[in-house]
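In: need a 3D model of the sequence below.
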Amino acid sequence: FNRIGDTGAASLAEAMKVNSTLTQLYLSSNAIGVTGAASLAEAIKVNSTLTQLRLSHNKIGDTGAASLAEAMKVNSTLTQLSVASCIGDTGAASLAEAMKVNSTLTQLDLSANGIGVTGAASLAEAIKVNSTLTKLFLSFNRIGDTGADSLAEAMKVNSTLTQLDLLNTKIGDTGAASLPEAMKVNSTLTQLDLVDTDIGDTGAASLAEAIKVNSTLTKLFLSFNRIGDTGAASLAEAMKVNSTLTQLYLSSNAIGVTGAASLAEAIKVNSTLTQLRLSHNKIGDTGAASLAEAMKVNSTLTQLDLVDTKIGDTGAASLAEAIKVNSTLTELYLRTNFIGDTGAASLAEAMKVNSTLTQLYLSSNRIGDTGAASLAEAMKVNSTLTQLSLRHNKNGDTGAASLAEAMKVNSTLVIMTYNHGQKC
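Out: Okay, the predicted model is just below:
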């Protein structure tokens, strides 16, 4: 975030040729172009200490990428390279050729470029033979379903990649069908990011089939897609038999009451999932009740995100009953719902006996002074909660006074936000 241009980059490059201690150089968001990239590339050819180079948000383009690629063919120390810098298919092809022979790079971030189908295919060919890269970021490119097909074929034979990030690449259900086929045989990938990739119920079903047999994936991010109740049901069935997935993100989809019920049934028997995010779906009080029943018997879930899921007092009461007996949940997110004083009172009663929850987020609900008073009474006896958020509710000075009294005796709460963000 400076104004270093090609001349400045050239000066730094000259220094790098003789420097023997610098290991990290961050030059993102400067004004470095093709010439500056070429200068840095020449330095990388002879430098023997630099391990991380960040050049994101510059304009090095395909020509600059080609210069860096040539350097990577001989460099033996660089492990992380970030170049979101107007690179297209040609630049991706150059970098791919370098990856075929480079044996030290472990992380390549090519997010927010202009890489399309051809570039994805080039990178896929490189991944087939590369044996060191563990993380590949291709978010915000235009690889589409065909590009996803190419990457999937590579994943079938690659044995080192652990993280693949395809956020906002619009691979759709077709691309979502290719990747699961690879997941059925791949044994190294642990994290797959498919957020905002235009996946619907069909794509979710394909992924679900893969999850049933895959034994390495631990994190699957599917937020901001078109997955509805049917897709949620497919994923739920997979979760009943999967024994490795620990994080499942389904925020901002089209999941309703039925989908929540399906996921709840899976949670009852699943023994590995620790984080479930369902924010910005319309599960309502009924869906909350289903999840609450599951939480009564689940013994692994530690984080549940139900932000903006249309939950009211009834849903809060259901969740409260679950919290009374659940002994593993540590974080509960209920921001931006319709919870009022009655719901707050229910949650407060649960907090009096719960001994594991450490973070409770109730911002942007309908809790007034009475609800704040109920929570305050709970805080007087609760000994585990460390964070309580009540910002943007309908409480005032009276509620604040109740909470203040509770704080005099509570010895564990370290962060409490009230009304419009004041720290109490």
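In: next up, phi/psi of the most centrally placed residue in the chain, please.
Out: The residue lying closest to the centre of the chain (CA atoms, centre = their mean) is F221, at 6.1 Å. The phi and psi values for F221, taken as degrees, to the nearest 10, are phi -110, psi 110.
In: my guess is it meets T197, correct?
Out: No: using CB atoms under 8 Å as the test, F221 is too far from T197 to be in contact (9.8 Å). C-betas here are computed from N, CA, C, even on glycine.
In: what touches both of those two?
Out: By CB atoms under 8 Å, 6 or more residues apart in numbering, F221 and T197 have these common neighbours: L167.
In: quick revisit: contacting residues around the residue nearest to the centre of the chain?
Out: The neighbours of F221, taking CB under 8 Å, 6+ apart as the test, are 167, 191-195, 247, 249.
In: ranges for the strands of the stretch 151-300 of the chain?
Out: Here the stretch 151-300 of the chain has its strands, by DSSP state E, counting those that start in this stretch, at 163-165, 191-193, 219-221, 247-249, 275-277.
In: next, count neighbours for S131.
Out: Burial of S131 is recorded as 9 neighbouring residues (other CB atoms under 10 Å).
In: tabulate the strands of the stretch 151-300 of the chain (CSV), appending mean pLDDT.
Out: As requested, the strands of the stretch 151-300 of the chain are arranged in CSV below (pLDDT from 0 to 100):
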stretch, mean pLDDT
strand 163-165, 98
strand 191-193, 98
strand 219-221, 98
strand 247-249, 98
strand 275-277, 98
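In: turn those into JSON lines, including distance to S39.
Out: Output for the strands of the stretch 151-300 of the chain, formatted as JSON lines (distance: least, CB to CB, whole Å):
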{"stretch": "strand 163-165", "distance to S39": "29"}
{"stretch": "strand 191-193", "distance to S39": "33"}
{"stretch": "strand 219-221", "distance to S39": "37"}
{"stretch": "strand 247-249", "distance to S39": "41"}
{"stretch": "strand 275-277", "distance to S39": "44"}
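In: minimum distance to T356: which of these has it?
Out: Smallest distance to T356 across the strands of the stretch 151-300 of the chain (CB to CB): 15.1 Å, for strand 275-277.
In: surely S111 is in contact with D165?
Out: Yes: using CB under 8 Å, S111 is in contact with D165, at 7.2 Å.
In: shared neighbours, these two?
Out: Counting by CB under 8 Å, 6+ apart, the shared contacts of S111 and D165 are 137-139.
In: of those - the most surrounded one?
Out: Within the shared contacts of S111 and D165, neighbour counts (other CB under 10 Å) peak at L138, which reaches 28 neighbours.
In: now do the contacts for that one.
Out: By CB under 8 Å, 6+ apart, the contact list for L138 reads 110-111, 115, 120, 123, 151, 164-166, 169.
In: switch to 6 Å and redo it
Out: Listed by CB atoms under 6 Å, 6 or more residues apart in numbering, the contact partners of L138 are 110, 166.
In: residue ranges with poor pLDDT in this structure?
Out: Within the chain, the stretches falling below the threshold (pLDDT under 70) are 419-424.
In: and V353, how many neighbours does it have?
Out: Residues contacting V353 under the criterion other CB under 10 Å number 12.
In: wait, it touches A322, no?
Out: No: in this structure, V353 is not within contact of A322 by CB atoms under 6 Å, at 12.0 Å.
In: wouldn't D149 be in contact with S178 here?
Out: Yes: counting by CB under 6 Å, D149 does reach S178; the two are 4.5 Å apart.
In: so M416 sits in a helix?
Out: No: using DSSP: H, G, I helix; E, B strand; the rest coil, the secondary structure at M416 is strand, not a helix.
In: distance of it relative to Q387?
Out: Distance, M416 to Q387, by CB to CB, to the nearest Å: 7 Å.
In: what of F224?
Out: With distances taken as CB to CB, F224 is found 26 Å from Q387.
In: these two - which one has more neighbours?
Out: A count of neighbours by other CB under 10 Å puts F224 above the other of F224 and Q387, at 20 against 16.
In: got the contact list for the closest residue in space to the more buried one that isn't next to it in sequence?
Out: Distances taken as CB to CB, 6 or more residues apart in numbering place D196 nearest to F224, at 4.0 Å, with adjacent residues excluded. By CB under 6 Å, 6+ apart, the contact list for D196 reads 167-168, 224.
In: thinking F338 is in contact with G312, fair?
Out: Yes: counting by CB under 6 Å, G312 is a contact partner of F338 at 4.1 Å.
In: in stretch 195-206, what counts as buried?
Out: Across stretch 195-206, burial judged by 16 or more other CB atoms under 10 Å covers 195-206.
In: let me redo that: stretch 20-37
Out: The neighbour-count check on stretch 20-37 (16+ other CB under 10 Å) flags 25, 27-30, 32-37 as buried.
In: among those residues, which one lies nearest to S299?
Out: Among these, S28 lies closest to S299 (CB to CB), at 43.1 Å.
In: tell me the contacts of that closest one?
Out: Contact analysis of S28 by CB under 6 Å, 6+ apart lists 54, 56-57.
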